[in-house]
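Asker: Sequence first, predicted model second:
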Amino acid sequence: SHVNVPSPKSPAIVAVNKKTGKLVWEDNSVNDKILHGQWSSPTVGKIGDVVQVIHGQGDGWVRGYDAVSGKKLWEFDTNPKESVWPKTRNEIISTPVIYENLVYLANGQDPEHGEGVGHMYCIDGTKRGDITKTGLVWHYDQIRRSISTPAIKDGIVYQPDFSGFLHALDAKTGKLYWKHDLFAAVWGSPLLVDGKIYLGDEDGDVVIMQEGKTLKVLGELNMGSSVYSTPVPANGALYISSRNQLYALAETAASKPPTTAAAPKPSNPRR
């Protein structure tokens, strides 16, 4: 019903010793302010000289913690103050990404809620306290709700939204380089490999695009049913899971272009 919170005292995030399973620290900043659920996976990385755990949480705030002690270092509200749940206020489902001491993420809602207004941010994780204003590097509001994790390479952020658009942004300024319409909802996240972008959609198509500041579509594959996940490269193959099948795609000897054979040497007339 989105009204009753079953377990408001449940901690938002816990850290356990990986060898013993013993609880090391926990934080429950969300508490009964949770909007719908707790969806996002945490990211661990070094920002400045501190190893931080970054977690997008169910009240629409993203928070940074000291990875060892669990001390909350900062928090950032990813929604405008006038936003109202569930029309315009979002939770965070995608996973934050750390790139060159900055944190990147977009907010969104359960896909069953449909499309709606979204927000993407670049945040300075070296700041402390409530950094909604002081930690804001840039805010990109020409995006719809997103459940996808951004991919970043060579100063360009690739961020899909649930409405089916892939946005390529300047990582330092948030300036839009290009936007591509996949014409179907996007659940997964982009894969960057070998100079290319791979991204699946709900129609079962996987678009292949050129990385960079210029929009260039190289091709498209249809996997027969919805592609909700992110393609994964391993052992010389690209693994793509559709709604009901798993594919491993790889270049075979038959698919490689033929090589030019050397001209035969003239036969020895004495033989």
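Answerer: Cool, the structure landed. Numbering: from 1, shown residues only.
Asker: from here on, contacts and neighbour counts on C-alpha atoms
Answerer: Will do.
Asker: which residues pair with D181 across the strands?
Answerer: Beta-bridge partners of D181, counted by DSSP bridges, are F165.
Asker: pretty sure it contacts F162?
Answerer: No - if you go by Cα atoms under 8 Å, D181 and F162 don't touch, sitting 11.0 Å apart.
Asker: So between the two, which is more surrounded?
Answerer: Between D181 and F162, counting by other Cα atoms under 10 Å, F162 is the more crowded of the two (26 against 12).
Asker: how far away is G200 from A106?
Answerer: Per Cα to Cα, to the nearest Å, G200 is found 18 Å from A106.
Asker: contacting residues for the most centrally placed residue in the chain?
Answerer: For the chain, the residue nearest the mean C-alpha position is T149 (0.8 Å; Cα atoms, centre = their mean). With contact taken as Cα atoms under 8 Å, 6 or more residues apart in numbering, T149 is in contact with S94, T95, P96, V97, L105, A106, Q159, P160, G188, S189, P190.
Asker: redo that, cut-off 10 Å
Answerer: 40, 93-97, 104-107, 158-161, 187-190, 230 (Cα atoms under 10 Å, 6 or more residues apart in numbering).
Asker: likewise Q142?
Answerer: Neighbouring residues of Q142 by Cα under 10 Å, 6+ apart: V117, G118, H119, M120, H167, L176.
Asker: Likewise for P86?
Answerer: Counting by Cα under 10 Å, 6+ apart, P86 has contacts H2, L35, H36, Q109, H113, G116.
Asker: at 7 Å what do you get?
Answerer: Taking Cα atoms under 7 Å, 6 or more residues apart in numbering as the contact definition, P86 lies against nothing.
Asker: And the pLDDT at it?
Answerer: At P86, the predicted lDDT confidence score is 91.
Asker: check which helix or strand covers it.
Answerer: In this assignment (DSSP states H and E), P86 forms part of neither any helix nor any strand.
Asker: ok, now how distant is it from D154?
Answerer: When P86 is compared with D154 (using Cα to Cα), they lie 36 Å apart.
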